[in-house]
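Colleague: Here's my sequence, what's the structure:
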Amino acid sequence: TDTELTDQAVAAYVAKYATKSADTSGTLDRALFCRPCQGRGATVLPHGTPLPCTACDGTGQSRPLPRLAVARHVRQMIRTCWELGKLPEFAHLKLWKWAHMLGFRGHFSTKSRSYSTTLGALRAARRAWRTERARTHAGLPEPDPTTTLVVGRWDYLGSGYSPGAALLAAHVWHRRELERQFIAEGGC
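Modeller: Next comes the predicted model:
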């Protein structure tokens, strides 16, 4: 459009995608930079000579941008963050490091006590509201603040993992073992 592009408009545009879950917006759920070379595309030998990173073929990316399983629009925003982040005037923003989050680092909502409310206060209010709603729905009397409720019956339901949880735990253990073996054999 012919309207002026303001900082506020750009921030709102990025926030639209950054506040959605990774599945909803199509962004990535993990960093895009190559861990062995820290996104630089090369490792520096002890005497100062740069050696191209073999893990990323010198791109600095853990996965090539064209092969990312994201929408074309999101891929272009990731590419833009990656390229802007490599420019000296934007180096302090580390956009390349946060390209998978469209350059937005951190959590979208505040956890600061200096704002009007905190996430903890919101959770406490929601918990109190749901507890009161469940109490009235069940037809229970008002709780007496001077009385302690004692539950005198316990039922043994079993121990260990459920069959599904056991399968997931075995899979996680197996993946970690493979990672340990890979690292022990000199992998990246």
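
Colleague: Report the separation between the closest residue to residue 68 other than its chain neighbours and residue 69.
Modeller: Counting by C-beta to C-beta, 6 or more residues apart in numbering, the nearest residue to residue 68 once its immediate chain neighbours are dropped is residue 75, at 5.6 Å. Backbone N, C-alpha and C define where each C-beta goes, glycine included. For residue 75, the distance to residue 69 equals 9 Å [C-beta to C-beta, to the nearest Å].

Colleague: These two: which has the busier surroundings?
Modeller: residue 75 (17 against 8; other C-beta atoms under 10 Å).

Colleague: buried stuff in the helix or strand hosting that one?
Modeller: Here residue 75 sits within helix 72-85, counting by DSSP states H and E. By neighbour count on 16 or more other C-beta atoms under 10 Å, the buried set for helix 72-85 is 74, 75, 77, 78, 81, 82, 84, 85.

Colleague: Give me the next element, helix or strand, following that helix.
Modeller: helix 119-138.

Colleague: next helix or strand past that following helix?
Modeller: Downstream of helix 119-138, the first helix or strand assigned by DSSP H and E is helix 163-184.

Colleague: and that following helix, average pLDDT?
Modeller: Regarding helix 163-184, the rounded mean pLDDT is 91.

Colleague: neighbouring contacts of it?
Modeller: Identification of contacts with helix 163-184 by C-beta atoms under 8 Å, 6 or more residues apart in numbering yields 160, 161.

Colleague: quick one: that helix to chain centroid distance?
Modeller: Computed by C-alpha atoms, centre = their mean, to the nearest Å, the chain-centroid distance of helix 163-184 equals 22 Å.

Colleague: Also stretch 31-42?
Modeller: The chain centroid and the centroid of stretch 31-42 are separated by 18 Å, computed with C-alpha atoms, centre = their mean.

Colleague: list the buried ones in that stretch?
Modeller: Quick answer for stretch 31-42 (16+ other C-beta under 10 Å): 31, 32, 33, 34, 37, 39, 40, 41.

Colleague: what's the distance between the residue nearest to residue 68 and residue 99?
Modeller: Shown here: residue 75 relative to residue 99, a distance of 10 Å by C-beta to C-beta.
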